[in-house]
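In: turn this into a model:
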Amino acid sequence: MNQNGFIKMQQARHPLISNDEVVSNDIEIGQDYTAIVITGPNTGGKTVTLKLVGLCTLMAQSGLQIPALDGCELAVFDHVFADIGDEQSIEQSLSTFSSHMSNIVQILEDVNHNSLVLFDELGAGTDPQEGAGLAMAILDYVIERQARVIATTHYPELKAYGYNREDVINASVEFDVQTLKPTYRLLLGVPGRSNAFDISKRLGLSEGIIEKAKSMVNEDSRSVENMITSLDQSRRQAESRFEEANQYLIEAQELHNSLKREYEQYIKHKEQHMSKAKEKARTIVDKAEDEAEAILEEIRSMKDQAQVKEHHFIDAKKKLSDQKEQFKDKENEPRKESKTIHQFQPGDEVHVLSFNQNGHIVEQKK
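Out: Purely as a prediction, here's the structure:
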């Protein structure tokens with residue numbers, strides 16, 4: 001709950017519509033914009049959306065939970081004003097327009113910055129041009145008072161109204177022309193388009209009549225409808241690409257998690273192998289030290305003898321050299337490509353690296 005007039009509901013549902021029929025929608029108002037103008041066909045869900053916002057606001061302020069996903073935000077308002085439904089009164093001799101206007105006049109007298117105002121079919125029941133002008137003027141007045149307002153309308157002039165005001169956003173209820181049925185999905189940012197021509201065509205009205213009807217629509221209205229059609233196509237394309245991108249994201253996340261698990265296993269096994277290698281290296285070093293000490297003792301005993309033959313000394317030096325090779329850190333040496341082994345024959349002249357002496361092969365055994 002907040003006191004900033006901010007409403008954000010995710011997958012909100014009308015509390016009085018049965019679960020097997022209700023359609024959930026996301027609704028947000030009060031932060032980037034303070035007014036929503038909803039356009040679209042009759043029976044498409046515009047009035048249900050108004051009632052949904054009003055009922056959920058009053059439920060929350062009464063301490064009730066609302067039918068929406070966790071993480072929603074709702075505001076505490078001083079007033080929740082609503083002008084919804086046909087209140088025509090025969091007894092009072094009030095027309096539909098007069099009834100609505102009487103209610104609106106009372107609302108405008110009390111509206112302030114901490115009010116939520118819900119207008120259904122604002123400006124309806126009178127001449128279309130005058131009704132559209134009144135609707136825009138009333139919305140301007142409520143917006144100037146910094147109230148939060150949601151209004152539904154049929155007037156095409158109000159579709160352009162939402163584009164010309166900073167604090168206003170257009171919205172519509174989706175209609176499936178293929179099935180000739182509303183989907184009851186609320187689309188924020190996209191004004192509703194007239195589907196009269198498409199519906200008439202699908203129901204079998206002649207192409208000639210439809211084309212003549214289109215020619216009678218003024219240029220401004222055609223431009224607005226073409227703009228809305230383009231926006232609707234862009235929205236559908238964006239939704240399709242979003243779904244595709246989201247699928248790629250899920251697959252990438254799964255691959256990332258799999259690679260992460262494999263890398264952790266590799267690090268774990270690497271540390272185990274390193275530990276074993278170090279233990280083995282310590283064993284080799286200890287053994288080498290013992291053997292080196294024995295070689296040195298042998299050399300010392302040779303020194304004490306009267307005569308030391310050359311090949312005895314060379315053999316001892318070779319043993320020491322062989323042990324020295326084992327101390328080299330093989331892990332720090334770059335891998336050498338395997339070389340072709342020379343086939344030695346008796347008589348070959350050679351240089352023995354470990355002796356650092358030249359000689360020739362007399363005999364070869366294995």
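
In: make sure residue 56 is indeed in a helix.
Out: Yes - Residue 56 forms part of a helix when assessed by DSSP: H, G, I helix; E, B strand; the rest coil.

In: test my guess that it contacts residue 13.
Out: No - no contact is recorded between residue 56 and residue 13 when judged using C-beta atoms under 8 Å, the distance being 9.1 Å. To be clear about C-beta, it is placed using only N, CA and C from the backbone, and glycine gets the same treatment.

In: neighbour count winner among those two?
Out: For residue 56 and residue 13, the more surrounded residue by other C-beta atoms under 10 Å is residue 56, and the numbers stand at 24 against 19.

In: which residues does the more buried one contact?
Out: The neighbours of residue 56, taking C-beta atoms under 8 Å, 6 or more residues apart in numbering as the test, are 9, 12, 15, 66, 67, 68, 74.

In: among these, name the ones in strands.
Out: Counting by DSSP state E, the contacts of residue 56 place 9, 12 in strands.

In: give me the three-state assignment for residue 42.
Out: Criterion first, three-state DSSP; result for residue 42: coil.

In: helix or strand: which one has the spatially closest residue to residue 176 that is not a sequence neighbour?
Out: Spatial nearest neighbour of residue 176, chain neighbours left out: residue 183 (5.6 Å); criterion: C-beta to C-beta, 6 or more residues apart in numbering. With elements delineated by DSSP states H and E, residue 183 resides in strand 181-188, which encompasses its position.

In: what's that strand in contact with?
Out: Counting contacts by C-beta under 8 Å, 6+ apart, the residues outside strand 181-188 that touch it are 23, 25-28, 36, 38, 40-41, 43-45, 48-49, 169, 171-176, 235.

In: go with 10 Å
Out: Under the criterion C-beta atoms under 10 Å, 6 or more residues apart in numbering, residues 12, 14, 17, 21-29, 33, 36, 38, 40-46, 48-49, 52, 169-176, 195, 231-232, 235, 239 lie in contact with strand 181-188.

In: which neighbours do residue 56 and residue 13 have in common?
Out: The overlap between the contact sets of residue 56 and residue 13 (C-beta under 10 Å, 6+ apart) consists of 66, 67, 68.

In: the second one against residue 59, yeah?
Out: Just to be clear, that refers to residue 67. Yes - shown here, residue 67 and residue 59 form a contact pair, counting by C-beta atoms under 10 Å, at 8.8 Å.

In: quick one: which of these two has more around it?
Out: For residue 67 against residue 59, the residue with the higher neighbour count under other C-beta under 10 Å is residue 67, and the figures read 20 against 15.

In: coming back round to it: counting neighbours, what do you get for the residue nearest to residue 176?
Out: Residues within reach of residue 183, counting by other C-beta under 10 Å, total 14.

In: equivalent analysis for residue 315, please.
Out: For residue 315, the number of neighbouring residues by other C-beta under 10 Å comes to 14.

In: now swap in residue 182 and tell me
Out: 19.

In: and if you look at residue 114?
Out: By other C-beta under 10 Å, neighbour count at residue 114 equals 17.

In: so it sits against residue 6, correct?
Out: No - in this structure, residue 114 sits apart from residue 6 without contact. The criterion is C-beta under 10 Å, and the distance is 11.7 Å.

In: tell me which element the one residue sitting closest to the centre of the chain is part of?
Out: Central residue of the chain (C-alpha atoms, centre = their mean): residue 246, 6.8 Å from the mean position. Secondary-structure assignment from DSSP H and E places residue 246 in helix 219-304.

In: following the worst-scoring helix or strand of the chain on mean pLDDT, which helix or strand shows up next?
Out: Counting by mean pLDDT, DSSP states H and E, the chain has its least confident helix or strand at helix 310-326, which shows a mean of 64. Scanning forward in sequence from helix 310-326, with DSSP H and E defining helices and strands, the next element found is strand 349-352.

In: who does that next one pair up with?
Out: strand 357-360 (antiparallel) (DSSP bridges).

In: could I get the average pLDDT for the partner strand?
Out: The predicted model assigns strand 357-360 a mean pLDDT of 88.

In: do stretch 48-61 as well
Out: 95.

In: in that stretch, what counts as buried?
Out: By neighbour count, with 16 or more other C-beta atoms under 10 Å as the criterion, the buried positions of stretch 48-61 are 48, 49, 50, 51, 52, 53, 54, 55, 56, 57, 60.

In: ok, those vs residue 291, which is closest?
Out: Within the buried residues of stretch 48-61, the smallest distance to residue 291 is 85.2 Å, found for residue 60 (C-beta to C-beta).

In: how far away is the closest residue to that closest one other than its chain neighbours from residue 50?
Out: Once flanking residues are discounted, residue 60 sits nearest to residue 74: 4.2 Å by C-beta to C-beta, 6+ apart. The gap separating residue 74 from residue 50 is 16 Å, by C-beta to C-beta, to the nearest Å.
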